[in-house]
Structures are given as C-alpha cells and as structure tokens.
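> The following block contains a protein sequence and its predicted model.
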Amino acid sequence: MKKILLFTIALGCASLVNAQKSQPVKKDLTPAKKVTNLIEQTNVNVTAPYKSITSAALIPFTSSLNGYTLLSGKKLTADQQSKTVLYTSRDGGTWGGTGNGIKMKMTTDYGTSSDSVLFANGTSHRYPGGTLFRNGSDLFVVCSGPITSGSGWVSNYVYSSKIDGTLAADTVINYPTTPSIGMWYINESLSALPNGELFLLGEKNGPEPDYNHIDYTIWKMMWNSTDNKFNYTSSYEFTPLLSATMAPVQPYGMAFNDDGSIGYFWFNGEDSITRPNQSTQPLVWKTTNHGTTWTQMTIYDYSQIQEIKDYVWPTKEDTSVVRPVFFYGYTTSDKNLPGIVDAQGNLHLIATIQGGYSSNPDSLGYTYAGEPAKLFDLYTTSAGWDAKYIDTLFSEVDDGTSVTIFGDFAIDHRIHIGKTENGNKIFAMWTDTDPIIGSTTNVYPDFKVWGHDITNGNITGSKNLSLNTPSMGLFLYMNASDIILDDAGAFKIPVVVVNGSDPVNSPINHLYVTGLELTESDFVPNAGVNEVENNIGLVSQNYPNPFNGSTSINVTLSKPSDLSISVINMLGQKIFEINKGNTSAGTHNFTINGSKFTSGIYFYTVKAGNNSVTNKMIVE
C-alpha cells in the first residue's frame with residue numbers, strides 16, 4: 001500500500017522537492033504511461049490525504065460507485081435561461097444505482113434542491129459526458145460514453161431525454177470489428193447546438209504496438225424531432241503527422257461558437273513537418289461550415305508572444321530565446337488543455353507552460369526543475385495568437401512517486417475553462433494549495449479563478465475564492481461548469497467536488513459548492529498577479545530554483561521608484577534584504593546570496609513605491 005507523506009514544515013517541504021527532482025537544474029518530461037484498458041482496477045488501497053468535508057458551503061449532491069466517473073467526459077454545464085445546472089456521473093453509492101447506469105443531476109437553485117434523470121439500460125455504461133440541449137421551449141439532457149462488454153469496448157451510447165425524464169431515447173453506435181481500426185472513446189467535448197447539431201469527439205488508437213499512431217474522430221449527429229433523439233449523420237477523422245517520439249496520450253478538445261458555424265479541434269503535440277522551437281505545442285484545426293470540413297491552422301511560433309516571453313524562463317545558453325513547452329499527457333490532470341470559443345469566434349485555451357532548458361537536440365525534452373508552471377489564456381486573433389498571463393502554480397501535482405496516487409487519479413490542478421453564455425467573458429478555473437498550508441503538493445486544494453472580458457480587455461487577476469472560508473482546502477477532484485451563470489450581475493460558478501476516503505475502491509459522494517462568484521467590479525484594467533498599474537512592470541521567478549548558493553531575479557520598473565527586496569522564511573522571519581533606494585525605470589538584475597539559508601521554502605517580496613510582488617523560492 002502506498003503511504004501518504006504530509007509535509008507541514010519547511011524542511012519537510014524541501015525534502016519533498018528533492019525527492020521529486022533528482023536533477024538540480026533540469027527535469028525530463030517523460031510521457032505519461034499509455035492507458036490501454038480503463039476498466040476499473042480493484043487492487044489499489046490508500047488513505048486520503050485531505051480533510052473530511054463538513055462545511056455547510058458544500059451540499060451533498062449525488063454519488064458514484066467509484067471515482068472512475070471522473071476520468072473523462074464533460075461533467076458540469078448550465079443553461080442561462082432556466083439557471084439549470086447539470087452534473088453527469090456514473091451512478092451507484094449513497095444515491096442509488098448499480099454502477100452500470102448514468103445519473104444526470106440537476107439544480108435550479110445552486111444545489112439547495114435537485115432532481116435527477118437516471119439512464120440505465122442493463123449494460124455497462126462508463127465514462128459519461130453530459131450536456132444540455134434546448135429544443136424550442138423544451139430543455140433536454142444529453143449524455144454519451146463507451147459501453148464495455150467486461151473485456152473490451154464495444155459501442156457508444158448517446159442518450160437524451162427532457163429534464164423531467166420524458167421523451168427518453170437511446171442511440172447506440174457499434175464499433176467496427178476490423179482489428180486495424182482500433183477503438184473510439186466518444187465522450188469528450190460534447191457540443192449540443194441550438195440548430196439541433198450534436199458533435200462528439202473521441203480518440204482512436206491503432207492496435208498494439210502502434211500507439212503512437214493517434215487518430216481523432218468527430219462524429220456529427222442531428223436532432224430528429226419525430227423520434228426525439230439524435231441520429232448519426234457523418235464523421236470527420238483527423239490523422240495528424242506526429243513526431244515519432246511523441247507520447248501516445250495527448251490532451252485534446254473541441255469547442256464551437258453558439259450557432260455552430262465556427263468550431264475548433266485541438267491537441268497538444270509535435271508536428272513532424274513544422275516544429276517551432278522544437279517543442280510540443282497546440283495543433284489546431286478550424287471549421288467555418290458547421291463541421292463539414294476542417295482545415296489545420298498555420299503552425300504558430302508561441303515564443304514570439306510578449307506575454308509568454310515576460311513570464312517563461314529563457315534557455316540556458318541564450319537568455320533572449322524562450323522555448324515554451326506545453327505539458328502533455330492525460331487529459332484528466334494538470335496537463336489538460338481546456339478550450340472554449342468566445343463571442344467573437346476566437347478560441348481560448350488555458351495552457352500550462354514552462355521554459356525549455358535548452359535548444360540543443362540532446363536536451364529538447366527537458367525543462368527547468370525549479371521553474372514553477374505558468375498558466376496562460378492563449379487565444380486566437382486576426383493576426384494569429386496572443387496570450388494573457390493568468391497565474392503561477394504554487395503547489396506541485398502528485399506524480400505518484402512522493403506522496404500518493406489513486407490508481408489513475410493524480411492529485412492535480414483540475415484546470416477548467418468556462419464562459420458566460422453570450423461568450424463575452426472567459427473564466428479560467430483551477431485548484432492550488434495555499435502557501436500557508438505549508439505543503440508543496442496540491443493535497444489541500446483551494447478554488448482559484450481568473451476572468452477575461454473580451455469586449456474591453458479587462459481582467460480580474462487571479463482570485464482564491466475559498467481562502468479563509470469553511471471550504472478552504474477541500475476542492476479535491478474539482479469539476480467546474482463550462483457555462484458561468486450571470487445572475488443579476490453576479491457571475492455564479494457551478495462547482496462540484498468529491499468526498500471519499502478511497503475514490504478508487506469505494507463509492508464517492510459528489511458535493512455542490514455554493515458561494516463561488518465574481519462581479520462586474522472584479523474586472524478592471526491591467527489587473528494581475530505580477531501586472532501592477534503603477535511602479536512594477538514585472539518580477540521574474542528567481543533562477544535557478546531550487547538553488548544552493550545564489551539565485552537571481554529580474555525586476556522591471558515602469559517608472560523610477562524606491563526599490564527593496566526582502567526574503568522571509570516559513571515562520572515569517574525576514575532573513576535577507578536589499579535596499580536599493582531610488583532606482584531608475586527599466587529592467588534590473590539582482591542576486592540573492594542564499595549560501596547561509598537552510599533547506600526549505602522561502603518567499604521574496606519586491607517592493608517599489610506602494611506596490612509589491614511576492615514569489616516563492618526553494619533552497620536545496
């Protein structure tokens with residue numbers, strides 16, 4: 001049995017970092033293992049590293065036979081007109097069901113009361129994705145996922161019914177039996193559009209050992225008002241050319257604008273023909289005719305985006321060059337690449353980026369071990385792409401080597417994206433453990449959100465909505481809605497989390513979280529963690545990090561200011577300070593001598609005038 005290691009003091013945190021990073025300067029981005037069979041495992045037994053949920057802010061909502069319902073599929077969505085929130089999961093557990101059916105739970109009062117539609121057809125339905133479809137004045141639930149025979153995947157279900165359970169219908173799509181075809185998992189990125197179109201996205205693998213051959217298929221279905229169900233009409237298959245070294249499992253997704261005329265399909269990979277910066281990056285296809293044809297967008301050099309250059313570490317041999325490396329691996333972890341289409345038809349991706357350590361062909365798979373991951377809103381424009389910095393992730397994910405892992409369940413940052421129904425505001429949502437907890441692993445996750453108003457460019461900056469609330473640290477395996485409800489000027493964010501000591505072997509409870517919202521006043525010009533309107537233009541992450549000896553930071557001042565830099569330890573004691581006095585505008589480099597620092601976590605604060613920025617650094 002794998003043990004839980006909880007580190008609550010600075011030295012313990014440093015030990016965790018060292019255990020995870022055997023190389024002090026760079027780390028190998030080894031691809032995640034290939035999942036060839038997602039049928040439930042039963043031989044994992046661990047203890048949960050998180051507090052039990054007792055807060056009144058978390059309302060018992062539904063249950064599942066086990067946590068495998070969380071591994072894929074669209075879980076949470078909402079309808080602006082009726083304020084209906086829909087959560088789709090496998091059934092079983094406290095709220096009933098055998099585990100072979102799908103439960104769609106709905107609320108119109110933010111979890112206070114709820115109703116459900118249970119879909120169970122006597123066979124084994126798994127990994128559901130769910131969404132809402134409005135047909136005139138009627139609101140329907142729709143779900144899709146694979147069906148297992150117990151030894152393999154045989155077909156997909158596409159179920160629909162009115163929200164009261166009437167007009168229920170089920171369409172089953174059988175898989176081809178030709179061995180070379182492989183198999184589909186059609187349950188990601190469900191898009192049900194007002195004109196009756198339903199798009200399903202899945203990954204199709206070749207047979208062993210051809211796992212590097214990945215095809216992606218989009219199936220298009222149309223609403224049949226006579227039969228009151230969706231019928232298959234056509235499919236479009238993507239067969240991208242990939243580098244032979246690419247991992248076989250990549251984050252991928254699909255999104256459409258409101259009328260379905262503009263859509264995007266993307267995945268993170270390495271194009272074998274065009275490879276800017278020799279790195280993995282989003283490869284994107286676009287449709288402008290309701291998914292009839294798709295065209296790959298021009299490969300873009302993201303290293304030229306100024307916002308990325310400002311925050312991502314440069315290569316070691318040339319500090320003027322940035323090689324942005326986009327995480328890749330399971331779509332259920334921090335390596336996710338969620339996307340959505342705004343009111344102007346532009347695609348937004350919430351991307352996790354670190355800097356490539358080197359441009360040398362022998363070191364292309366490495367990033368800096370000490371560089372914390374950065375989140376960006378990466379979005380298309382008429383000229384190509386642009387980006388806005390969102391936040392730096394404080395805690396690390398559980399990689400299964402130092403803390404714990406629940407089978408296929410990494411304790412990750414659960415990155416999501418949502419929008420208001422009109423598409424004028426975009427929201428990034430994720431979890432992170434607050435520094436005051438004293439753990440460098442995300443075992444006590446809080447809920448964080450960042451908003452972007454595309455009509456005026458205003459942003460909210462990163463906000464921790466659960467800090468110092470009864471639900472602080474309780475956002476384990478968080479799912480957030482892709483539609484954020486505008487409730488009289490309050491942007492309410494539907495969120496469901498999990499409670500259960502062993503989410504692999506035991507039934508789990510899903511709880512609705514109340515009180516998570518932003519308002520119009522939260523959107524202001526030039527907001528952000530390291531974007532301050534007056535004196536401080538930019539404070540870099542210290543480099544190297546972790547370090548032993550000395551480390552450097554770059555500070556950019558937007559105007560002359562009295563500048564100071566201080567370092568405090570985990571006890572809040574100031575142990576180092578630089579007072580530069582009046583300093584000119586521009587970029588300045590500073591060295592922090594940490595030769596006398598003991599191993600652990602520290603925080604450095606740059607203060608210029610009345611403005612300050614604080615970042616974390618680690619001493620080995």
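Received it, and whenever you're ready, just let me know what you need.
> So which residue is smack in the middle of the protein?
For the chain, the residue sitting closest to the mean C-alpha position, by CA atoms, centre = their mean, is residue 415 at 2.0 Å.
> ok, that residue - contacts?
Counting by CB atoms under 8 Å, 6 or more residues apart in numbering, residue 415 makes contact with 334, 336, 338, 350, 352, 375, 428-430. (C-beta placed from N, C-alpha, C; glycine too.)
> and if you look at residue 460?
Neighbour list for residue 460: 449-452, 518, 522-524, 527 [criterion: CB under 8 Å, 6+ apart].
> Quickly check those for the two that are furthest apart.
Distance extremes for these: the farthest pair is 449 and 524 at 14.8 Å, using CB to CB.
> helices and strands of this structure: which one has the lowest mean pLDDT?
In the chain, the helix or strand scored least confidently by mean pLDDT, DSSP states H and E is helix 10-20, which has a mean of 27.
> So which of residue 449 and residue 524 has more stuff around it?
residue 449 (28 against 13; other CB atoms under 10 Å).
> From residue 517, how far out is that one?
Computed as CB to CB, to the nearest Å, the residue 449 to residue 517 distance reads 9 Å.
> any common contacting residues for those two?
Counting by CB under 8 Å, 6+ apart, the residues touching both residue 449 and residue 517 are 465, 493.
> Now do the contacts for the residue nearest to residue 538 when sequence neighbours are not counted.
Nearest residue to residue 538 in three dimensions, chain neighbours excluded: residue 556, at 4.1 Å (CB to CB, 6 or more residues apart in numbering). The neighbours of residue 556, taking CB under 8 Å, 6+ apart as the test, are 536-539, 586-588.
> Tell me where the model's unsure across the stretch 301-450 of the chain.
Where the stretch 301-450 of the chain drops to pLDDT under 70, the residues are 328-335, 397-410, 438.
> And for the closest residue to residue 595 other than its chain neighbours, the neighbour number?
Distances taken as CB to CB, 6+ apart place residue 549 nearest to residue 595, at 5.4 Å, with adjacent residues excluded. Per other CB under 10 Å, the neighbour tally for residue 549 reads 12.
> measure residue 549 to residue 395 for me?
Taking CB to CB, one finds residue 549 at 25 Å from residue 395.
> Same check on residue 427?
The spacing between residue 427 and residue 395, counted by CB to CB, is 21 Å.
> Please apply the same query to residue 239.
Residue 239 is 38 Å from residue 395, by CB to CB.
> same thing with residue 515?
23 Å.
> More neighbours: which of the two?
Between residue 515 and residue 395, residue 395 has the larger neighbour count (other CB under 10 Å), namely 24 against 16.
> correct me, but the more buried one touches residue 439?
Yes: Residue 395 is within contact range of residue 439, at 6.8 Å (criterion: CB atoms under 8 Å).
> which neighbours do these two share?
The contact sets of residue 395 and residue 439 overlap at residue 433 (CB under 8 Å, 6+ apart).
> Poorly predicted segments of the stretch 101-250 of the chain, please.
Using pLDDT under 70, the stretch 101-250 of the chain drops low at 121-122, 176-187, 204-214, 240-250.
> picking that back up, how about the backbone phi and psi for the residue nearest to residue 538?
phi -110, psi 120 (degrees, to the nearest 10).
> ok so, going back, which one of the contacts of residue 556 is nearest to residue 140?
Of all these, residue 140 sits closest to residue 538, with 48.6 Å by CB to CB.
> Where does the closest one sit, in terms of helix or strand?
Using DSSP states H and E, the secondary-structure element containing residue 538 is strand 536-539.
> neighbouring contacts of that strand?
For strand 536-539, the surrounding residues in contact (CB under 8 Å, 6+ apart) are 310-311, 530-531, 553-558, 561, 587, 606, 608, 611-613, 615.
> Could you break the protein into its assigned domains?
For the chain, the structural domains run 57-234, 536-619, going by automatic domain parsing.
> residue boundaries of the strands in the stretch 401-550 of the chain?
416-420, 425-433, 445-453, 463-464, 479-480, 483-487, 490-492, 495-499, 508-513, 517-519, 536-539, 550-557 (DSSP state E, counting those that start in this stretch).
> could you give the angle of the second one to strand 495-499?
An angle of 20 degrees separates the directions of strand 425-433 and strand 495-499 when computed by axes from the mean of the first three to the mean of the last three CA atoms, to 10 degrees.
> Packing partners of strand 425-433?
Secondary-structure packing of strand 425-433 (3 or more CB pairs under 8 Å, 6 or more residues apart in numbering; DSSP states H and E): strand 347-355, strand 374-381, strand 416-420, strand 445-453.
> Would you mind putting those into CSV with distance to residue 281 alongside?
Converted to CSV, the helices and strands packed on strand 425-433 look like this (distance: least, CB to CB, whole Å):
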stretch, distance to residue 281
strand 347-355, 9
strand 374-381, 10
strand 416-420, 18
strand 445-453, 21
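> give the contact list for residue 381.
residue 346.
> Beta-bridge partners for it, please?
Legend: beta-bridge partners of residue 381 under DSSP bridges are residue 384.
> returning to that earlier point: out of the strands of the stretch 401-550 of the chain, nearest to residue 141?
Across the strands of the stretch 401-550 of the chain, residue 141 has its closest neighbour in strand 483-487 (14.2 Å, CB to CB).
> helices or strands next to the closest one in the packing?
Using 3+ CB pairs under 8 Å, 6+ apart: strand 483-487 touches strand 76-79, strand 416-420, strand 490-492.
> So for residue 150, which of the ones you listed sits nearest?
From the helices and strands packed on strand 483-487, taking CB to CB, the stretch that ends up closest is strand 76-79, at 29.0 Å.
> Keeping just the C-alphas, turn the closest one into CSV.
C-alpha atoms of strand 76-79 as CSV (Å, rounded to 0.1, in the frame of the first residue of the first chain):
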residue,chain,number,x,y,z
LEU,A,76,-20.7,20.1,-15.5
THR,A,77,-22.7,22.6,-17.6
ALA,A,78,-25.5,25.1,-17.2
ASP,A,79,-28.4,26.7,-19.0
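> how far does that strand sit from the chain's center?
Relative to its chain's centre, strand 76-79 lies at 17 Å (CA atoms, centre = their mean, to the nearest Å).
> Same check on stretch 426-446?
Offset of stretch 426-446 from its chain centre (CA atoms, centre = their mean): 13 Å.
> For residue 431, which non-adjacent residue is spatially closest?
Using CB to CB, 6+ apart and skipping the chain neighbours, the partner closest in space to residue 431 is residue 445 (3.4 Å).
> how about the one you found, what does it touch?
Residue 445 neighbours (CB under 8 Å, 6+ apart): 395, 411, 413-414, 431-433, 473-476, 478.
> repeat for residue 614
Contacts of residue 614 (CB under 8 Å, 6+ apart): 603-606.
> Tell me the spacing between residue 305 and residue 77.
The value you get for residue 305 to residue 77, if CB to CB is used, is 30 Å.
> who's more crowded, those two?
A count of neighbours by other CB under 10 Å puts residue 77 above the other of residue 305 and residue 77, at 23 against 20.
> give the contact list for residue 86.
76-79, 104-106, 130-132, 141.
> again, but for residue 465
Going by CB under 8 Å, 6+ apart, residue 465 touches 446-449, 493, 515-517.
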